[in-house]
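1. show me how the following folds:
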Amino acid sequence: MNAAKKTILLVALIALAVAPSAFACATCYGASDSPLAQGMNWGIMVLLGFIGIVLVAVSSFFFYIVRRASAMEAATVHNNLTQTKQ
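-> All right, here's what the predicted structure looks like:
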C-alpha cells in the first residue's frame, strides 16, 4: 500500500472515530422536538410537494398531448368524410 492510500485511510478512520454524532440526524440522535428537526421535517415535506407538482405537470402534459392528437385525428376523419361526400 503506498503512502497516499495509507494517508486517506488514516484520515477516514480518524473522521469516523472523532465525530460519530455528525452522522446522525436530529431525529436519530434523540432531539426530535428541536427546531432543527422541525425544520428538517418541513424541508422534507416541501421537497415532496415539489416532486408531486412536477409529476402532476408531466402527466398533465402527456394527457394534453393525447387529447390533442385525438382531436386532430377526429378533425382529419371529419374533413375526409365531408370531402368524400361532395
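2. CA only for contacts and neighbour counts going forward, please
-> OK.
3. packing partners of the one helix or strand Ser60 maps to?
-> For Ser60, the enclosing helix or strand under DSSP states H and E is helix 35-85. On a contact count with 3 or more CA pairs under 8 Å, 6 or more residues apart in numbering; DSSP states H and E, helix 35-85 meets helix 26-29.
4. tell me the mean pLDDT over the helix it packs on?
-> Taken as a whole, helix 26-29 has an average pLDDT of 60.
5. can you check stretch 43-52 too?
-> On average, stretch 43-52 scores 96.
6. in it, what's buried?
-> Residues of stretch 43-52 classed as buried under the neighbour-count rule (16 or more other CA atoms under 10 Å) do not occur.
7. so what's the gap between it and the chain middle?
-> In this view, stretch 43-52 has its centroid 8 Å away from the chain centroid, taken as CA atoms, centre = their mean, to the nearest Å.
8. ok, now stretch 35-42?
-> On CA atoms, centre = their mean, the centre of stretch 35-42 falls 19 Å from that of its chain.
9. same question, stretch 64-75
-> Worked out by CA atoms, centre = their mean, stretch 64-75 lies 30 Å from the chain centre.
10. got it, and stretch 70-78?
-> The answer for stretch 70-78 is 37 Å, by CA atoms, centre = their mean.
11. kindly report the same for stretch 32-49.
-> 16 Å.
12. just the C-alpha atoms of it, please, in PDB.
-> C-alpha atoms of stretch 32-49 as PDB (Å, rounded to 0.1, in the frame of the first residue of the first chain):
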ATOM      1  CA  SER A  32     -36.800  15.100  17.800                       C
ATOM      2  CA  ASP A  33     -38.500  18.200  19.300                       C
ATOM      3  CA  SER A  34     -35.700  20.600  18.400                       C
ATOM      4  CA  PRO A  35     -36.200  23.400  15.900                       C
ATOM      5  CA  LEU A  36     -33.600  21.700  13.700                       C
ATOM      6  CA  ALA A  37     -35.700  18.500  13.500                       C
ATOM      7  CA  GLN A  38     -38.900  20.500  12.700                       C
ATOM      8  CA  GLY A  39     -37.100  22.400  10.000                       C
ATOM      9  CA  MET A  40     -35.800  19.200   8.500                       C
ATOM     10  CA  ASN A  41     -39.400  17.700   8.500                       C
ATOM     11  CA  TRP A  42     -40.800  20.800   6.800                       C
ATOM     12  CA  GLY A  43     -37.900  20.700   4.300                       C
ATOM     13  CA  ILE A  44     -38.800  17.000   3.500                       C
ATOM     14  CA  MET A  45     -42.500  18.000   3.100                       C
ATOM     15  CA  VAL A  46     -41.700  20.900   0.800                       C
ATOM     16  CA  LEU A  47     -39.400  18.700  -1.400                       C
ATOM     17  CA  LEU A  48     -42.200  16.000  -1.600                       C
ATOM     18  CA  GLY A  49     -44.600  18.700  -2.600                       C
END
